[in-house]
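Trainee: Based on what follows, work out the 3D shape:
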Amino acid sequence: MGFRIRIPKGTRSIAVSAILLCFPFLLNAQQSGDTHSIVIVDLPEAPQSQSGVSPSGSGSQATQQPPEQHPVQPGPGTPPAQTPPGQGDSGSKDSATQAAAEQSQHEKAEEQLKEQERQRIAGVMAAFNTTRNKDAVPLSPGQKFRLFFKSATDPWPFFLTGVVAGIGQAEDSNSEWGQGVQGYAKRYGAAYSDYFIGNFFGNAVLPSVLHEDPRYFQKGTGRAATRALWAAASTVWCRRDNGAWGPNYANVAGNMIGAAIARVYYPASERTVGDTIDDGLTVTVEGIVGAEVIEFWPDIARHYKRKRAEKLARQAGLRAPQTTTQPGAEQAPAPSPAKPNE
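Mentor: Reported below is the predicted structural model:
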């Protein structure tokens, strides 16, 4: 599939604004062009005196053409013209400021990326493509590729691929691959290839080309229904590098590209257009399930911790020494004071 080079929206806006601003000046120059026509004047053969008398003898001074100004060409020994101070350095200062801002933004993105690379669900499932920061700095193309390789080489996808291959082995899916070690190896290789190729295009290549952010921006607050819709929409709606939100072309197209390439190593019976579309849509739906888990897992973890803390508190209360008297227990009578002898 070929990719078209797209002019960014900001560049298009700047170009249109520049044309609209320059249009009145161009129109004005075009309209006044006829009034400033060049007039050729016959110069006298000899220079006339400024106080000369006109041929009519009226005594009025003769009008004299101003001498034509010619630019002075610098000679070999003439030093070059010096640029006024502050004028030549403005461009270099602006470039340096812009470069410093870009470097600072890149370093901030590196810090946020390192925090994301430690995120896991239940301490096992990698959630590197998730951020809780709604103002996260956009990633550079190199950072997007690095995030993809970090996720693809983590132990979690290899473990999950093994589970999927085992389920396929038990159901005898793609029976052409057979059973035994060879059949399991084929199913394992196909499952991991599906994961790798789909994420390579959906989380690295296409987001870099289309300027889309491959991460899931966790909502974390609000009603459960709103958060569920937010998570489900993330498969078809994403944030772009310029901060705006739009269709998630990279994710959907990446799933379809991965499904199309998978026809090469799948059996001939599953190399139809219908199978390609079905597999691509299935992966998209699986992405919705994954986004829902990532969105609500912190709530599940907090609920579990709270219940566990309450249980431990109850157990601690039962084990504490009782300082009060048990109900129904008989108290020993207090000894009576001794009577004095009479």
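Trainee: For this protein, which segments are assigned as helices?
Mentor: Ranges of helices within the chain are 9-31, 89-116, 141-152, 155-171, 180-200, 206-210, 224-233, 249-262, 273-319, based on DSSP state H.
Trainee: and the second one, average pLDDT?
Mentor: Put plainly, it is helix 89-116. In this model, helix 89-116 has an average pLDDT of 74.
Trainee: going forward, begin numbering at 832 instead of 1
Mentor: Sounds good: first residue 832 from here, last item helix 920-947.
Trainee: Format the helices of the chain as CSV; extra columns: mean neighbour count.
Mentor: Glycine gets a C-beta too; all of them are placed from N, C-alpha and C. Output for the helices of the chain, formatted as CSV (neighbours: other C-beta atoms under 10 Å):
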stretch, mean neighbour count
helix 840-862, 10
helix 920-947, 12
helix 972-983, 17
helix 986-1002, 15
helix 1011-1031, 17
helix 1037-1041, 21
helix 1055-1064, 15
helix 1080-1093, 21
helix 1104-1150, 13
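Trainee: looking at those helices, which is closest to Arg1071?
Mentor: In terms of C-beta to C-beta, the element of those nearest to Arg1071 is helix 1037-1041, at 8.1 Å.
Trainee: Okay, now the unreliable bits of the stretch 882-1031 of the chain?
Mentor: Counting by pLDDT under 70, the stretch 882-1031 of the chain shows low-confidence ranges at 882-927, 929-934.
Trainee: ok, 50 please
Mentor: Scanning the stretch 882-1031 of the chain for pLDDT under 50 picks out the ranges 882-895.
Trainee: For Phe1048, which of the helices of the chain is the nearest?
Mentor: Taking C-beta to C-beta, helix 1055-1064 is the member of the helices of the chain nearest to Phe1048, at 8.7 Å.
Trainee: Can you show me the CA trace of the closest one as PDB?
Mentor: Taking C-alpha atoms only, helix 1055-1064 is exported to PDB below (Å, rounded to 0.1, in the frame of the first residue of the first chain):
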ATOM      1  CA  ALA A1055     -18.500   4.300  34.400                       C
ATOM      2  CA  ALA A1056     -20.600   4.500  31.200                       C
ATOM      3  CA  THR A1057     -18.700   7.500  30.000                       C
ATOM      4  CA  ARG A1058     -15.300   5.900  30.600                       C
ATOM      5  CA  ALA A1059     -16.400   2.700  28.900                       C
ATOM      6  CA  LEU A1060     -17.400   4.600  25.800                       C
ATOM      7  CA  TRP A1061     -14.100   6.500  26.000                       C
ATOM      8  CA  ALA A1062     -12.100   3.300  26.100                       C
ATOM      9  CA  ALA A1063     -14.100   1.700  23.300                       C
ATOM     10  CA  ALA A1064     -13.800   4.700  21.000                       C
END
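Trainee: Next, the angle from that helix to helix 1104-1150.
Mentor: Helix 1055-1064 runs at 140 degrees relative to helix 1104-1150, counting by axes from the mean of the first three to the mean of the last three C-alpha atoms, to 10 degrees.
Trainee: tell me what helix 1055-1064 is packed against?
Mentor: Judged by 3 or more C-beta pairs under 8 Å, 6 or more residues apart in numbering; DSSP states H and E, helix 1055-1064 is in contact with helix 1104-1150.
Trainee: If you average the pLDDT over the helix it packs on, what comes out?
Mentor: Averaging pLDDT along helix 1104-1150 gives 90.
Trainee: tell me which strands and helices that helix is in contact with?
Mentor: With contacts taken as 3+ C-beta pairs under 8 Å, 6+ apart, helix 1104-1150 sits against strand 951-952, helix 1011-1031, helix 1055-1064, helix 1080-1093.
Trainee: possible to save the helices of the chain as JSON lines with distance to Ala957?
Mentor: Listed next are the helices of the chain as JSON lines, based on distance: least, C-beta to C-beta, whole Å:
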{"stretch": "helix 840-862", "distance to Ala957": "33"}
{"stretch": "helix 920-947", "distance to Ala957": "10"}
{"stretch": "helix 972-983", "distance to Ala957": "6"}
{"stretch": "helix 986-1002", "distance to Ala957": "4"}
{"stretch": "helix 1011-1031", "distance to Ala957": "12"}
{"stretch": "helix 1037-1041", "distance to Ala957": "18"}
{"stretch": "helix 1055-1064", "distance to Ala957": "17"}
{"stretch": "helix 1080-1093", "distance to Ala957": "18"}
{"stretch": "helix 1104-1150", "distance to Ala957": "11"}
